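J.: Predicted coordinates and the sequence they were generated for:
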Amino acid sequence: DAKTTQPTSMDCAEGRAANLPCNHSTISGNEYVYWYRQIHSQGPQYIIHGLKNNETNEMASLIITEDRKSSTLILPHATLRDTAVYYCIVESGGGTSYGKLTFGQGTILTVHP
Amino acid sequence: EPEVTQTPSHQVTQMGQEVILRCVPISNHLYFYWYRQILGQKVEFLVSFYNNEISEKSEIFDDQFSVERPDGSNFTLKIRSTKLEDSAMYFCASSSARTGVNQPQHFGDGTRLSIL
């Protein structure tokens, strides 16, 4: 069962900000929001994660709504190398789930010149 | 930056043969995982491993599959008698703590397994 909903595809102009939305309306209190991306057939690459607060690192920013039912990954200055499939994943890692990540179809982000 | 490394990058095997895929997780990590991705499909969880035992496995991980940490650095996935439908990319991942306890999984670049 899908825990997240993402648009199938998005386009972005090089140098502009890419804003990738994700809905996770059934998220529970102990579940984190993780973002990964997969470039061509390489292994998934960790981008960022958060629980409640907005987060920023050298790759991206993560904005989580106050009710935690949705989030947005922001790539501030997209480059052609950011063209990839972006996955939004919610997982707790607690209880009987030992950190299993459940990947959906993700959003295909195409950055064009 | 530390990386998860996987070997070989491409493995071609006859159907029915045994295959071992190898992974060297990040050195201070304690949790290890295998995932697979059939061409054009989603990344699927296979198994998680901690403290020298399987923590969780999916329905895909049947009796034909096994995992092992034979020494302090390697983590292997063995498929005993390969089938055509085992053809896929296999990704190893590791984390320093259970995901959800604020430590993400880091993935290798995978082994492409082709069954003939």
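T.: Everything's here; your move. Numbering: from 1, shown residues only, chains lettered A, B, ... in the order given.
J.: if you skip the residues just before and after it, what's nearest to residue A:83?
T.: residue A:111 (4.9 Å; CB to CB, 6 or more residues apart in numbering or on different chains). All C-beta spots, glycine's among them, are computed from the backbone N, C-alpha and C.
J.: should've said residue A:17
T.: Residue A:17 sits nearest to residue A:76 (CB to CB, 6+ apart), 5.4 Å away.
J.: Dihedrals phi and psi, the one you found?
T.: When read as degrees, to the nearest 10, the backbone of residue A:76 gives phi -60, psi -40.
J.: What are the neighbouring residues in contact with it?
T.: A:17, A:60-61 (CB atoms under 8 Å, 6 or more residues apart in numbering or on different chains).
J.: Can you list which of these are found in helices?
T.: Per DSSP state H, helices hold no members of these.
J.: Tabulate the residues you listed (CSV), appending neighbour count and pLDDT.
T.: Supplementary listing: the contacts of residue A:76 in CSV, determined by neighbours: other CB atoms under 10 Å in any protein chain shown; pLDDT from 0 to 100:
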residue, neighbour count, pLDDT
A:17, 12, 97
A:60, 19, 97
A:61, 17, 98
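J.: Closest one to chain B out of these, please.
T.: Chain B has its nearest neighbour among the contacts of residue A:76 in residue A:60, at 13.1 Å by CB to the nearest CB.
J.: Okay, now the unreliable bits of chain B?
T.: B:98-101 (pLDDT under 70).
J.: same thing with chain A?
T.: In chain A (pLDDT under 70), the answer is A:1-2, A:93-98.
J.: Would you mind listing what in it touches chain B?
T.: Residues of chain A found near chain B (CB under 8 Å from any CB of the partner chain) are A:30-32, A:34, A:38, A:41-46, A:49, A:51, A:87, A:91-94, A:96-105.
J.: so where does the residue nearest to residue A:83 fall, helix or strand?
T.: strand A:107-112 (DSSP states H and E).
J.: residue contacts, residue 51?
T.: With no chain named, the answer covers chain A. Per CB under 8 Å, 6+ apart, neighbours of residue A:51: A:32-33, A:64, B:102.
J.: not what I meant, chain B
T.: Contacts of residue B:51 (CB under 8 Å, 6+ apart): residue B:30.
J.: thinking again about what came up before, how much space separates the residue nearest to residue A:17 from residue A:60?
T.: Residue A:76 sits 8 Å away from residue A:60, going by CB to CB, to the nearest Å.
J.: next one: residue A:66
T.: 20 Å.
J.: just residue A:15 next, same as before
T.: 15 Å.
J.: Residues of chain B that sit close to chain A?
T.: B:4, B:31, B:33, B:35, B:37, B:42-45, B:48, B:50, B:55-56, B:58, B:89, B:91, B:93, B:95, B:98-102, B:104-110, B:112.
J.: Now go through these and say which are in strands.
T.: Using DSSP state E, the members of the residues of chain B next to chain A that fall in strands are B:31, B:33, B:35, B:37, B:43-45, B:48, B:50, B:55-56, B:89, B:91, B:93, B:95, B:106-107, B:112.
J.: Is residue A:23 in contact with residue A:69, as I believe?
T.: Yes. With contacts counted by CB atoms under 8 Å, residue A:23 reaches residue A:69, the gap being 6.8 Å.
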